[in-house]
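Peer 1: Predicted model and sequence below, questions to follow.
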Amino acid sequence: MTRDGLQLDSLTVARQGTVIVRDVSLAVRPGRVVTMLGPNGAGKTTLLEALAGVIGFASGQAWLNGASLGPLSRPARARAGLALVEQGRTVFGSLTVAENIQAVAGRGAALSEYFRLFPPLASRHDVPAALLSGGEQQMLVLARALACRPRVLMLDEMSQGLAPVIIRRLLPTIRTLADDGMAVLLVEQFATLALGVADEAVVLAGGQITFSGPAAELTAAPDRLHQAYLGTGPAPS
């Protein structure tokens, strides 16, 4: 059985003894975008933090390109090619755009590939990150994550605090990254926009998967998405 990309098998995650995510199984393959949707408190952030190594697994397993994540520290997971873009758009405010990227990519690293993906950053390359707009800061956070050369990219609510028009500009870039071979797990609150760039969709409600299937299936059936959010629709086989 191939385990290219990210694979979860019956993963359960607890915080302070309370189970938050239970028996989650899914696969995020290279070249694919999997969008994870769900109501607030469903356990989406907890799941991503467990995969990144912020918190541990209670049970179950996860693999990154065939290697078990369980024994790996958070830095080791990042070195192995797993990147998490967390909520909050944390940038090095006193450093310029270029310096933010080079802090990860290395001093003197070429920036053209990042400016190709995020053109607004090119004209702001010598501007302190603290002076950027929210949308520009999110682009910079994404560029900095890509400077780590991840093979699997996890994005946790990158739209938080941003207008839908900004998200419409960012999501096609996520699709481009997948088309170039990256595996992407996208947690997003703007369901319609996120489904538009996704290959597959997962709905997490009450810490469990209530839907797993083609993204187009949810796009075509909004009532099914609503049912899955309520946790009343069993995941299809």
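Peer 2: Looks like it came in fine.

Peer 1: which non-adjacent residue is nearest residue 136?
Peer 2: Nearest residue to residue 136, sequence neighbours excluded (Cβ to Cβ, 6 or more residues apart in numbering): residue 120, at 5.8 Å. Every residue, glycine included, has its C-beta placed from N, CA and C.

Peer 1: And residue 157, by the same measure?
Peer 2: Nearest residue to residue 157, sequence neighbours excluded (Cβ to Cβ, 6+ apart): residue 87, at 5.0 Å.

Peer 1: Now do the lowest-mean-pLDDT helix or strand in the chain: everything it contacts.
Peer 2: Here the helix or strand of the chain ranked lowest by mean pLDDT, DSSP states H and E is helix 222-229, holding a mean of 81. Helix 222-229 is contacted from outside by 37, 38, 39, 191, 203, 205, 210, 211, 217, 218, 233, using Cβ atoms under 8 Å, 6 or more residues apart in numbering.

Peer 1: Any of these buried? List them.
Peer 2: 37, 38, 191, 203, 205, 210, 211, 217, 218, 233 (16 or more other Cβ atoms under 10 Å).

Peer 1: Looking at the residues you listed, which are in helices?
Peer 2: Mapping the buried ones among the contacts of helix 222-229 onto helices (DSSP state H) picks out 191, 217, 218.

Peer 1: which other residues reach the helix ranked longest in the chain?
Peer 2: The longest helix of the chain (DSSP H) is helix 164-179. The contact list for helix 164-179, computed with Cβ under 8 Å, 6+ apart, reads 31-33, 117-118, 134-135, 138-139, 142, 146, 153, 155, 158-159, 184, 186, 190, 193-194, 196-197, 199.

Peer 1: Now the element after it, going C-ward?
Peer 2: strand 183-187 (DSSP states H and E).

Peer 1: Keeping just the C-alphas, turn that following strand into CSV.
Peer 2: This file holds the C-alpha atoms of strand 183-187, laid out as CSV (Å, rounded to 0.1, in the frame of the first residue of the first chain):
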residue,chain,number,x,y,z
ALA,A,183,-0.3,17.6,-1.3
VAL,A,184,-2.5,20.2,0.4
LEU,A,185,-4.9,19.9,3.4
LEU,A,186,-7.0,23.0,3.5
VAL,A,187,-9.1,23.8,6.5
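
Peer 1: Tell me which other helices or strands it touches.
Peer 2: strand 18-28, strand 33-37, helix 44-52, strand 152-156, helix 164-179 (3 or more Cβ pairs under 8 Å, 6 or more residues apart in numbering; DSSP states H and E).

Peer 1: winner for burial among those?
Peer 2: Among the helices and strands packed on strand 183-187, the stretch with the highest mean neighbour count (mean count of other Cβ atoms under 10 Å) is strand 33-37, at a mean of 27.

Peer 1: that older thread, which two of the contacts of helix 222-229 have the greatest separation?
Peer 2: Greatest spacing in the contacts of helix 222-229, by Cβ to Cβ: 39 and 217 (19.3 Å).
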